[in-house]
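Colleague: how would this look folded up:
(chains A and B)
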Amino acid sequence: MNKCQKCQKARATVLVTDIDLASHKPQQLHLCEDCARETGMAAALSPSAAEMLKASILSVTEKESKARSAQRIMCEHCGLTYQEFRVKGRFGCTACYDTFSELVEPLLEKVHGAREHKGEAPRKPSNKRKTTNVAEFEKELVELRRKLTRAVKAEDYEDAARLRDRITEVERRIGEVTDG
Amino acid sequence: MAETVGKDAWLRGEGQDADIVISTRVRLARNVEGFALKAKLAGDEEVALLQHLRQRIGKVKLAEKQQFVDLKPLDDVERLMLVERHLISLDHANADSERGVIHDDQGSIALMLNEEDHLRLQVLGSGMCAEEVFDRAFAIEDELQGVVEFAYHSRYGYLTSCPTNVGTGMRLSVMLHLPGLAFTKQIDKVFNAVARMNLAVRGFYGEGTKALSDLYQISNQVTLGKTPEELLNDVRGVIPVILRWEREVRNQVMKADRVGLEDKVWRALGALRSARTMSSSEAFEQLSHVRLGVHCELIPDLTIATLNELFLLCQPGHLQTVVCGGKAIEPRKRDIVRAELLRSRLGGR
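Modeller: Sure thing, here's the model as predicted:
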């Protein structure tokens, strides 16, 4: 007769397979019913013990692999990985908040004791279309300025002049929309 | 730059509870929609963002006089001057990126551009003036919203580089001079009370810096989950308690050991009036004692404004700019120059 490995008294009737958190290796324990219940393995005592146990082990490994794959998530807008964020503590773009939302919310809870903003939203400009236009113009401006830098570097002055005119034009149009 | 030295409004030693509260400051962190955040902002985008913000903010009248300072071409001493005036952060000074600051001539308003966030808007005032700086900062922010679209998320609020600032992006800090509590070793009382209220105690130059000559900054720890007004009230609520403690301790010491206190403050003044070399940390410590002496009416003929000015002038950036004409000098020489300055300003020999 096998004695319970915990209390060393009663007969071991339950075989518990657990994952050791430190080494991530499965370990087997022969326990009596009471000790098994005490160690939180009560679920394993039900008729479908084996299945329950399997499920619980699976859920542990699933959680781990989920966490591991979350580390590899990359923001498709700016290329920041969660690993990078963990190191620097800074996001790369505003989309990162959505990309990593599942991982960020527990962090927000820890830091702020809250997950959601409370307070006024920014005042919305009266004409929605105008803002879309402005945002598009802004993006175009960034792209144009980047091209201009490249053109100047490459000493392609014809292209640079064309780009400069386009920048002036876009800036004028932004001015019109925002002033109007 | 030299003509405005020591003339910033927050140095006047005026305002409510100015015997303990040096200054009150509010800071709002904002980012511009359509641009990457600092960590992923490419060099040319940095240039574009800086231009964008300068151009847009240039349309808004922040104060009677306002100016843009490009930080990149400045030398270390000039940047240090701005840090000491609290117009830019240490990180902003030491960064390598395209960056700048727009500030008014009173040193009350500063808009750091391309800091950790695209825009860090700050309003600073003398004494306890939380409501005033709060209202002013949000009024400016409201004006800016007319010309710049800030990154905002319906769930997380104003988005910031670091999630510790997300939501309101607001940090309200009150700078306190607590020599009484420090002297009687009761400063832990303050730390405990502040921690219970979910507030933070920081050093003189903000996050991660040491407390300098009994100066402590109390500010809100969280930025998310509470409205700006609630955060304002949290900070405003704890300050009167600390002020009461500090005043009680000062009174107790005056009653129990007036000679001991007099000895301490006059010795400090003696050192400031006589020393031949003085490090900045010693100068701050002695000035802190003298300041306490002025408030306890133990030292006549000295004003808080003078002490505040000296406090500023003793810091390396100001010392090298004002006293040494902008020339960088080595620390040992600085200590000699600092001692000379203090002797001449405080009527020493």
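Colleague: Going by C-alpha atoms from here, please, whenever you check contacts or count neighbours.
Modeller: Noted.
Colleague: Let me see the ranges of the strands in the chain.
Modeller: Reading this off chain A. Assigned by DSSP state E, the strands in chain A fall at A:14-19, A:26-31.
Colleague: wait, chain B
Modeller: Along chain B, counting by DSSP E, strands occupy B:21-30, B:66-70, B:100-104, B:109-113, B:119-126, B:152-153, B:157-158, B:170-177, B:199-202, B:215-220.
Colleague: What parts of chain A come near chain B?
Modeller: Residues of chain A that fall close to chain B, judged by Cα under 8 Å from any Cα of the partner chain: A:78, A:80, A:89-94, A:108, A:111-123, A:125, A:135, A:138-139, A:142, A:145-146, A:149, A:178.
Colleague: How about the contacts made by B:D19?
Modeller: B:G13, B:H295 (Cα atoms under 8 Å, 6 or more residues apart in numbering or on different chains).
Colleague: measure it to B:G58 for me?
Modeller: According to Cα to Cα, to the nearest Å, B:D19 stands 37 Å off from B:G58.
Colleague: Poorly predicted segments of the stretch 1-150 of chain B, please.
Modeller: Judged by pLDDT under 70, the stretch 1-150 of chain B has its weakly predicted residues at B:1-6.
Colleague: residues from it in reach of chain A?
Modeller: So the stretch 1-150 of chain B meets chain A at B:33-41, B:44-45, B:48, B:142, B:145-147, B:150 (Cα under 8 Å from any Cα).
Colleague: do that again at 7 Å, thanks
Modeller: Taking Cα under 7 Å from any Cα of the partner chain as the measure of proximity, the stretch 1-150 of chain B contacts chain A at B:G34, B:A36, B:L37, B:K38, B:A39, B:K40, B:D44, B:E45, B:A48, B:V147.
Colleague: what's the least confident stretch among the strands of chain A?
Modeller: Sorting those by mean pLDDT places strand A:14-19 lowest, at a mean of 65.
Colleague: what's the neighbour count on the residue lying closest to A:G119 once chain neighbours are set aside?
Modeller: In space, and not counting its chain neighbours, A:G119 is closest to B:T227: 4.6 Å by Cα to Cα, 6 or more residues apart in numbering or on different chains. For B:T227, the count of nearby residues is 17 (other Cα atoms under 10 Å in any protein chain shown).
Colleague: doesn't A:A121 make contact with B:T227?
Modeller: No - judged on Cα atoms under 7 Å, B:T227 makes no contact with A:A121 at a distance of 10.8 Å.
Colleague: Sketch out the low-pLDDT regions of chain A for me.
Modeller: Chain A contains residues with pLDDT under 70 at A:1, A:16-27, A:38-71, A:124-133, A:177-180.
Colleague: so where do the helices sit in it?
Modeller: Using DSSP state H, the helices found in chain A span residues A:33-38, A:49-71, A:82-88, A:96-99, A:101-112, A:128-153, A:157-179.
Colleague: Same question for the stretch 51-200 of chain B.
Modeller: Counting by DSSP state H, counting those that start in this stretch, one finds helices in the stretch 51-200 of chain B at the ranges B:76-84, B:90-94, B:130-145, B:179-183, B:187-196.
Colleague: Of those helices, which is nearest B:R250?
Modeller: Closest to B:R250 of the helices of the stretch 51-200 of chain B is helix B:179-183 (Cα to Cα; 5.5 Å).
Colleague: that older thread, now tabulate the residues of the stretch 1-150 of chain B next to chain A in TSV and tack on neighbour count.
Modeller: As requested, the residues of the stretch 1-150 of chain B next to chain A are exported to TSV (neighbours: other Cα atoms under 10 Å in any protein chain shown):
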residue	neighbour count
B:G34	17
B:A36	23
B:L37	28
B:K38	22
B:A39	19
B:K40	17
B:D44	18
B:E45	20
B:A48	21
B:V147	19
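Colleague: pLDDT at the residue nearest to A:G119, what is it?
Modeller: In this model, B:T227 is scored at 96, pLDDT.
Colleague: Against B:G325, how distant is it?
Modeller: Distance from B:T227 to B:G325, by Cα to Cα: 46 Å.
Colleague: Likewise for B:H118?
Modeller: Separation of B:H118 from B:G325 (Cα to Cα) stands at 33 Å.
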